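> Quick check, what structure comes out for this input:
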Amino acid sequence: MPFVIVAETPGFLPVRMTKNGTQPMPEAWSQITNWIPDTGGYPGSVVVGANNEGLKALGDQKSASVAASIPFTGATNGFGGNTKLQARLRVNSAIVATTDPPLDGPSGTLAVSATVDIAAGDVVTVEALSSFSAGGAAGAVSAGAYVRIQ
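The predicted structure follows:
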């Protein structure tokens, strides 16, 4: 007697990556790298890229929330004023959100988010920028940073 096996393909799964260690804040728009997948809290999370810079989407999701939280410290002011820090999110190569206005140093958390349609295999990255005047310092990404798709 023949039988039929019905298997359901998994739908969208929320994913997250967390920062491994610290990183100097870039002085020109550059990716924050060296992330690790948060498989404990978000099973199936996958980090991709030569520098472990991207979070891979698992499944399609209309109006998905993509978000990043980037704590920073050590962004001291220079003689010309406050150090200004920003972050932006990219889905594949498209910029989908930027912190505006920039945050002032010396410490804080850059939060950036967007609601976008996500397709399986899309990659979300976060970039940062620190602008400071003479005598100031760019600061560093500190513990607790994450990028999430849900």
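> As a check, name the ranges of all strands in the chain.
15-19, 23-24, 30-31, 35-37, 47-48, 54-56, 61-73, 84-91, 94-98, 103-104, 108-118, 123-131, 140-141, 146-149 (DSSP state E).
> Mean neighbour count and mean pLDDT added to those, as TSV?
Every C-beta, even on glycine, is put in place using the N, C-alpha and C of the backbone. Listed next are the strands of the chain as TSV, based on neighbours: other Cβ atoms under 10 Å; pLDDT from 0 to 100:
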stretch	mean neighbour count	mean pLDDT
strand 15-19	24	98
strand 23-24	16	96
strand 30-31	16	98
strand 35-37	20	98
strand 47-48	18	98
strand 54-56	24	98
strand 61-73	19	97
strand 84-91	22	96
strand 94-98	14	98
strand 103-104	16	92
strand 108-118	17	97
strand 123-131	23	96
strand 140-141	22	94
strand 146-149	24	98
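> residues in contact with the nearest residue to residue 12 once chain neighbours are set aside?
Excluding its sequence neighbours, the residue lying closest to residue 12 (Cβ to Cβ, 6 or more residues apart in numbering) is residue 59, at 3.5 Å. For residue 59, the contacting residues are 10-13, 118, 120, by Cβ atoms under 8 Å, 6 or more residues apart in numbering.
> do that again at 7 Å, thanks
Neighbouring residues of residue 59 by Cβ atoms under 7 Å, 6 or more residues apart in numbering: 10-13, 120.
> Can you pull the phi/psi pair for it?
phi 110, psi 170 (degrees, to the nearest 10).
> Then residue 77?
According to degrees, to the nearest 10, residue 77 has phi -80, psi 150.
> burial of it, as a residue count?
By other Cβ atoms under 10 Å, 17 other residues sit near residue 77.
> ok, now the one 5 residues further on?
Neighbouring residues of residue 82 were enumerated by other Cβ under 10 Å; the total is 18.
> Tell me how far it lies from residue 100.
For residue 82, the distance to residue 100 equals 16 Å [Cβ to Cβ, to the nearest Å].
> How about residue 47?
27 Å.
> about what we covered before: okay, and which of the contacts of residue 59 map to helices?
Among those, DSSP state H puts none in helices.
> Rebuild those residues as TSV, extending it with pLDDT, distance to residue 77 and neighbour count.
Shown next, in TSV, are those (pLDDT from 0 to 100; distance: Cβ to Cβ, whole Å; neighbours: other Cβ atoms under 10 Å):
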residue	pLDDT	distance to residue 77	neighbour count
10	61	49	10
11	87	48	10
12	95	43	17
13	96	43	16
120	97	44	14
